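In: Okay, predicted coordinates and the sequence, questions at the end:
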Amino acid sequence: MKPVVNDPQGLVVADALHTLGYPEVRGARVGKYIEVQLDLVDEAAARARVDEMCRRLLCNGVIEDYSYTLRRGVR
Amino acid sequence: MPVRVGIAVFPGTWSERDCQHAVTLAGGEAVFLWHKERTLRGCDLLILPGGFAHGDYLRAGAIAAFSPLMEEVKEFARRGGPVLGICNGFQILCEAGMLPGALLRNQGLQFRCQPTHLRVESGQGPFMSQLPVASVLSIPISHGEGRYFADAPTLDRLKEEGRVAFRYCSQEGELGSNHNPNGSVDAIAGILNAQGNVLGMMPHPERACEPLLGSADGLQLFSAVLPQLVSR
């Protein structure tokens, strides 16, 4: 969620953490985690494709930001 | 010849029969359009009804926005054809980029199914032109993700251009956070595109089409738009 978007789920989570004895929690934001497996070996190509996937479908740019990490897997 | 009204059906749509009933009451002929179709079969008006297209997976409306039918819907709207998105249909219109902004989880994190009052805020376009501005309609909501959000510049533009269609209000038409069921920014319940021919709204007018259902105010919306299409 972009910082400008109110996240009531995050507020409830932060509240619960305070209740559990974590006063140092200044805030919490609830996001989404998506794993995508690619059949690509070239890292630059993978980045270009993943960026495009994020922009077109995985992330709604009106309300969400995205970041990702690439990990080489085994076939 | 009655006006042909196309009602889009996606896997998970649940309000298409209610919309069909409303269209019939308003004197139109309803035609169901499956999401994989690439034709609108000569319809004069399109409705994207409520439900949970594709199970709301990823984000509500995100997958449906890429349906083959939506390409036709976009082209229809570009040519000025009237398109009404209700609830999940509104979410689809936003995800498809046909309306600005997005719909988020309700402020209270709960699904809300209840009567609401809406104040008519705009007289633009075929859907709004027959509804008196500032009049109050009683139309229910039924959604978990209906909190309208748009960034500040977009909101300013919507307000300047008279594109806020409905706001949640009291029975007397007053605004206030206790009349806003989902925390929508500026109590926005529905918006128009720049041309005024695309309306997206979270409340369900098709569920307020007969006094027996608690209100017949929703029928006004269908009754207002259909005669305009007969004369086209």
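Out: Received, thanks. Numbering: from 1, shown residues only, chains lettered A, B, ... in the order given.

In: Need phi/psi at residue B:117.
Out: phi -110, psi 140 (degrees, to the nearest 10).

In: wait, isn't it in contact with residue B:176?
Out: No: judged on CB atoms under 8 Å, residue B:117 makes no contact with residue B:176 at a distance of 11.3 Å. All C-beta atoms are positioned from the backbone trio N, CA, C, and that covers glycine.

In: shared neighbours, those two?
Out: B:169, B:170 (CB atoms under 8 Å, 6 or more residues apart in numbering or on different chains).

In: Just want to know which of the two has more residues nearby.
Out: residue B:117 (22 against 10; other CB atoms under 10 Å in any protein chain shown).

In: Going along the chain, name the strands of chain B.
Out: For chain B, strands defined by DSSP state E occupy the ranges B:4-9, B:29-34, B:45-48, B:83-86, B:102-104, B:112-120, B:136-143, B:147-149, B:164-169, B:188-192, B:198-201.

In: Quick one: work out the angle between the first one and strand B:29-34.
Out: Interaxial angle, strand B:4-9 versus strand B:29-34 (axes from the mean of the first three to the mean of the last three CA atoms, to 10 degrees): 30 degrees.

In: what's the pLDDT at residue 52?
Out: Assuming you mean chain A. Listed pLDDT for residue A:52 reads 97.

In: Switch to chain B, please.
Out: Reported pLDDT for residue B:52: 96.

In: That one against residue B:11, yeah?
Out: No: with contact defined as CB under 8 Å, residue B:52 does not count as touching residue B:11 (9.2 Å).

In: For the two, indicate the residue with more neighbours.
Out: Legend: neighbour count by other CB under 10 Å for residue B:52 and residue B:11, higher for residue B:52 (21 against 15).

In: and the more buried one, what is it in contact with?
Out: Contacts of residue B:52 (CB under 8 Å, 6+ apart): B:12, B:13, B:14, B:60, B:88.

In: Inside helices: which ones of those?
Out: residue B:88 (DSSP state H).

In: Any quick PyMOL command for the buried ones out of the contacts of residue B:52?
Out: A single PyMOL command selects the buried members of the contacts of residue B:52 (16 or more other CB atoms under 10 Å in any protein chain shown):
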select buried, chain B and resi 12+13+60+88
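
In: So what's the residue count around residue A:10?
Out: Neighbours around residue A:10, by other CB under 10 Å: 16.

In: Verify the contact between it and residue A:27 for me.
Out: Yes: taking CB under 8 Å as the definition, residue A:10 is a contact partner of residue A:27 at 6.8 Å.

In: Which residues are in contact with the residue in chain B that chain A sits nearest to?
Out: Scanning chain B for the residue nearest chain A gives residue B:102, at 4.3 Å (criterion: CB to the nearest CB). Shown in contact with residue B:102 (CB under 8 Å, 6+ apart): A:60, A:62, A:63, B:94, B:95, B:148, B:149, B:150.

In: ok, 7 Å please
Out: Contact analysis of residue B:102 by CB atoms under 7 Å, 6 or more residues apart in numbering or on different chains lists A:60, A:62, A:63, B:94, B:149.

In: will you turn the residues you listed into JSON lines that also has neighbour count, distance to residue B:143 and pLDDT?
Out: JSON lines is the format used below for the contacts of residue B:102 (neighbours: other CB atoms under 10 Å in any protein chain shown; distance: CB to CB, whole Å; pLDDT from 0 to 100):
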{"residue": "A:60", "neighbour count": "19", "distance to residue B:143": "17", "pLDDT": "96"}
{"residue": "A:62", "neighbour count": "19", "distance to residue B:143": "18", "pLDDT": "95"}
{"residue": "A:63", "neighbour count": "20", "distance to residue B:143": "16", "pLDDT": "95"}
{"residue": "B:94", "neighbour count": "28", "distance to residue B:143": "13", "pLDDT": "98"}
{"residue": "B:149", "neighbour count": "21", "distance to residue B:143": "14", "pLDDT": "97"}
